[in-house]
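# Quick check, what structure comes out for this input:
(one chain, ligands or ions: 1)
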Amino acid sequence: MENTAPGADRVDALVVGAGLSGLYQLYRLRELGLRVAVFEAGEDIGGTWYWNRYPGARCDVESMSYSYSFSPELDQEWEWSERYASQPEILRYIHHVADRFGLRGDVTLCTRVTHAAYDDTAHTWRVSTDTGRAVTTRFLILASGCMSVPKDPGIPGLDRFTGEVLHTARWPREEVSFTGKRVAVVGTGCSGVQAVPVIAGRAAALTVFQRTPAYALPAHNRPLLDAETAELKSRYPQFRRAQRLSRGGTVFEPPAGSALAADEAERTAAYEAAWESGLLSGLLRTYTDILTDEKANETVAEFVRSKIRSAVDDPETAEALSPRTFPFATKRPCLDTGYYAAYNLPHVKLVDLRATPIETITPRGIRTTEGEHPLDTIVFATGFDALTGSQLAIDIVGRAEMSLREKWADGPRNHLGLMTAGFPNLFTVLGPLSPSVLSNIAVSLEQQVEWITDCIAHLNRNGLTEIDAAPEAEEAWGAHVAELADATLYPAAESWYMGSNVPGKPRVFLAYTGGLDRYRAACEASARAGYSGFVLSGEGRER
Ligand code: N01
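Numbering: from 1, shown residues only. Predicted coordinates for the structure are as follows:
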């Protein structure tokens, strides 16, 4: 009897991860009639939205944009309750999709892929897991997330702490009580910025340990009105099409003109309107040169600092919260609800780690150069080994015993962010050197999943066994991605975009800044040309 997924030891395609990308990849490959298995490390599906269930977790792209577009029926039947969906609501949506399209049956939970080795003779991948499963697959698709490996905070003494330790990206499923507790949040990126006001509302005392302040913009979140939902639904197909053709996966009027060409009053009015819009990219969309010209960027940076000064009562705290060491948006800005106002509460305190660094964690709290802060709970919001972390966490060995970890020792190399030479039939969704984190990932992931699905269909139709990135195309793509990034201010920041948040990680800009529209065109052009930039081989035909 033929084996079938998920219990099978032989499948046509193995997908790593059952988040938004992995589930859609499963749906698409099943449509091709393939036997597909999905392995998911978590106890349930949902990926990012399963793991990041910290208080305040919420999407920073509007709900009606940040959702699958592949099913017009799904678009019509699902009702979002808020402008920006909370983590529980997004997880409910993912569960709804999985049930509606019957996806759960092919997902094996609590199973982490640990090794994958390519058999150059059989043209298959041999994949093994932490549960002792071994599966042979023709295609291996890493949908393991662009931010799914939490970064070790690397602070000495942590194992001695006698209180509770939590990480925003590994939040427990059971309720965490902060009542009556002295709580620390370490880290002030988007996760910390979202968690701080909610924890402040529950804890007896909250101390925020900040190394680098963020630019946080107000979400102006609110319930969605029935009328606005109905209006967008009445034109959802056109809206979805516009999203797909857009630069970042969201629909907006492109900016016109330089910030420096505008006079101050005009500029301030534009920034005020953007601030009031509650859109993460509102300020970036005001002028064309915010991300390319330091002086233009500084006008926005100073505008945000002025907002911080007016929101925070204590001038010293306001100054400590004001970012000055990197240009606006060269680290991802945060969308917040009540972040700065939280610092006006009497039981909320900011510790500026630039002035008083952490020396160690003690059994009772955190000791900085200023003294010990006694604590009951420490919440680490210290981020991720982004973009390459989840791929390199798996010991992947391609042709000629080449390991991915060795190949990427100086930074990721691939063609179109999809395949890396020497690792045939291995695809990545939302991986490095693609628009991923610089776009609405709901739109990006659909584009990549559809490209991968079409590619596999093409191989099968033509009796081909393998596709691999061509080394020269990969070199050219890497150079193109770097050249575009170097023309922006992004490399000026130490950020997870640059890999520089993880000690020892190569400092390379990890995403494609050219826009999703341009990227999509490059992917489509390659496919139209019979997958130019890739080497296809097999009995059917060879080139
Ligand atoms: O992580 P981060 P994040 N001691 O890396 C600090 C997405 N996201 O989880 O900057 C003390 O941005 C670190 O300081 P520094 C979004 O794309 C989206 O917050 O390295 N501090 C920084 O302040 C986002 O960009 C949403 O000096 C330490 C913080 O920890 C990405 O995820 C919500 C430290 C880490 O910030 C990552 O965000 C949440 C140490 N040892 C996240 N190590 C949405 O709204 C690190 N830090 C969809």
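# Any idea how many residues pack against residue 174?
6 (other CB atoms under 10 Å). Every C-beta, even on glycine, is put in place using the N, C-alpha and C of the backbone.
# for the ligand, what are the nearby residues on the stretch 251-400 of the chain?
332, 335, 353, 381, 382, 383, 384 (CB under 6 Å from any ligand atom).
# who touches the closest residue to the last one other than its chain neighbours in this structure?
In space, residue 384 comes closest to residue 147 once its chain neighbours are excluded; the distance is 4.2 Å by CB to CB, 6 or more residues apart in numbering. Taking CB atoms under 8 Å, 6 or more residues apart in numbering as the contact definition, residue 147 lies against 48, 169, 383, 384, 386, 387, 389, 437, 496.
# Residue 398 now?
Here residue 398 is in contact with 118, 404, 407, 420, 422, 423, 424, 426 (CB under 8 Å, 6+ apart).
# Dihedrals phi and psi, the residue nearest to the first one when sequence neighbours are not counted?
So the one you mean is residue 118. Nearest non-adjacent residue to residue 118, counting by CB to CB, 6+ apart: residue 398, 5.0 Å away. Main-chain torsions, residue 398, degrees, to the nearest 10: phi -100, psi -150.
# ok, is the lengthiest helix in the chain in contact with the ligand or not?
The helix spanning the most residues in the chain, taking DSSP state H as the definition, is helix 441-461. No: Helix 441-461 does not reach the ligand (CB under 6 Å from any ligand atom); its nearest approach is 9.1 Å.
# what does stretch 33-51 give?
No: Stretch 33-51 is not in contact with the ligand by CB under 6 Å from any ligand atom; minimum separation 8.1 Å.
# hang on, the earlier thing: can you redo the residues of the stretch 251-400 of the chain next to the ligand as CSV with neighbour count, pLDDT and secondary structure?
Converted to CSV, these look like this (neighbours: other CB atoms under 10 Å; pLDDT from 0 to 100; DSSP: H, G, I helix; E, B strand; the rest coil):
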residue, neighbour count, pLDDT, secondary structure
332, 19, 97, coil
335, 25, 97, strand
353, 18, 98, coil
381, 25, 98, coil
382, 24, 98, coil
383, 22, 98, coil
384, 23, 98, strand
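# Identify, from those, the entry nearest to the ligand.
residue 383 (2.5 Å; CB to the nearest ligand atom).
# Pretty sure that closest one sits against residue 192.
No: with contacts counted by CB atoms under 8 Å, residue 383 stays clear of residue 192, the gap being 9.0 Å.
# Tell me where the stretch 401-543 of the chain has strands.
426-428, 466-469, 534-537 (DSSP state E, counting those that start in this stretch).
# hey, which of those strands is tucked in deepest?
Looking across the strands of the stretch 401-543 of the chain with neighbours counted as mean count of other CB atoms under 10 Å, the highest average goes to strand 426-428: a mean of 27.
# just to revisit the earlier point, most neighbours among the contacts of residue 398, which one is it?
residue 420 (28 neighbours).
# doesn't residue 403 make contact with it?
No: under the criterion of CB under 8 Å, residue 420 makes no contact with residue 403, lying 11.5 Å away.
# Identify the residues contacting the closest residue to residue 223 other than its chain neighbours.
Once flanking residues are discounted, residue 223 sits nearest to residue 82: 5.7 Å by CB to CB, 6+ apart. Counting by CB under 8 Å, 6+ apart, residue 82 touches 63, 89, 221, 222, 223, 224.
# coming back round to it: and the residues of the stretch 251-400 of the chain next to the ligand, which two are the farthest apart?
335 and 353 (23.5 Å; CB to CB).
# Phi, psi for residue 348 please.
Dihedral angles for residue 348 - degrees, to the nearest 10 - are phi -110, psi 130.
# Tell me how many other residues crowd it.
22.
# go on, residue 251?
17.
# my read: residue 63 touches residue 222, true?
No: under the criterion of CB under 8 Å, residue 63 is not in contact with residue 222, lying 11.5 Å apart.
# anything in contact with each of those two?
Counting by CB under 8 Å, 6+ apart, the residues touching both residue 63 and residue 222 are 82, 83.
# Between these two, which is the more surrounded one?
Between residue 63 and residue 222, residue 63 has the larger neighbour count (other CB under 10 Å), namely 23 against 10.
# May I ask which helix or strand encompasses that one?
Using DSSP states H and E, residue 63 sits in no helix or strand.
# What residues does it make contact with?
Per CB under 8 Å, 6+ apart, neighbours of residue 63: 80, 82, 83, 84, 85, 89, 224.
# Give me the neighbour count for the first one.
Residue crowding around residue 80 was assessed by other CB under 10 Å; the count is 19.
# Residue 277 versus that one, what's the distance?
Separation of residue 80 from residue 277 (CB to CB, to the nearest Å): 18 Å.
# Now do the same contact list for the residue of the stretch 101-250 of the chain found nearest the ligand.
As assessed by CB to the nearest ligand atom, the ligand sits closest to residue 189 within the stretch 101-250 of the chain, at 2.2 Å. For residue 189, the contact set (CB under 8 Å, 6+ apart) comprises 214, 331, 332, 334, 381, 383.
# Domains of this protein: list them as residue ranges, please.
10-149+386-542, 158-238+250-380 (automatic domain parsing).
# So which of these is the most surrounded?
domain 10-149+386-542 (a mean of 20).
# just checking, what packs against the longest helix of the chain?
Other elements packing on helix 441-461 under the criterion 3 or more CB pairs under 8 Å, 6 or more residues apart in numbering; DSSP states H and E are helix 20-31, helix 236-245, strand 466-469, helix 516-528.
# show me where pLDDT drops low in the protein?
Low-confidence segments of the chain, defined by pLDDT under 70: 1-8, 540-543.
# circling back to that earlier point, now the angle from the longest helix of the chain to helix 236-245?
80 degrees (axes from the mean of the first three to the mean of the last three CA atoms, to 10 degrees).
# Would you state the helices of the stretch 101-250 of the chain in chain order?
Secondary structure of the stretch 101-250 of the chain (DSSP state H, counting those that start in this stretch): helices at 190-200, 226-234, 236-245.
# And for the stretch 251-400 of the chain?
264-277, 294-311, 315-320, 339-342, 389-392.
# Which one of the ones you listed lies nearest to residue 206?
Across those, closest to residue 206 is helix 339-342 (CB to CB), at 7.7 Å.
# Return the list of helices and strands in contact with the closest one.
Using 3+ CB pairs under 8 Å, 6+ apart as the test, helix 339-342 ends up in contact with helix 190-200, helix 294-311.
# What is the longest one packed up against?
When you say that, I think you mean helix 294-311. Secondary elements touching helix 294-311 (3+ CB pairs under 8 Å, 6+ apart): helix 264-277, helix 315-320, helix 339-342.
# With respect to residue 114, which of these lies nearest?
Using CB to CB, these put helix 339-342 closest to residue 114, at 38.3 Å.
# quick check, distance from the closest one to the centre of its chain.
25 Å (CA atoms, centre = their mean, to the nearest Å).
# cool, and stretch 456-466?
On CA atoms, centre = their mean, the centre of stretch 456-466 falls 31 Å from that of its chain.
# got it, and stretch 166-175?
18 Å.
# quick one: contacts of it?
43, 51-54, 57, 147-148, 150, 176, 187, 191-192, 195, 377-382, 384.
# repeat that with 7 Å
Contact partners of stretch 166-175, identified using CB atoms under 7 Å, 6 or more residues apart in numbering, comprise 51-54, 150, 176, 191, 195, 377, 379-381, 384.
# these two touch, right, residue 257 and residue 288?
Yes: counting by CB atoms under 7 Å, residue 288 is a contact partner of residue 257 at 6.4 Å.
# Surely residue 193 touches residue 217?
No: assessed by CB under 7 Å, residue 193 is found out of contact with residue 217, at 9.8 Å.
# list residues touching both of those two?
residue 336.
# Get me the contact residues on the stretch 401-543 of the chain for the ligand.
Residues of the stretch 401-543 of the chain lying near the ligand (CB under 6 Å from any ligand atom): 437, 496, 501.
# mind redoing it with 5 Å?
By the rule CB under 5 Å from any ligand atom, the part of the stretch 401-543 of the chain lying against the ligand is 496, 501.
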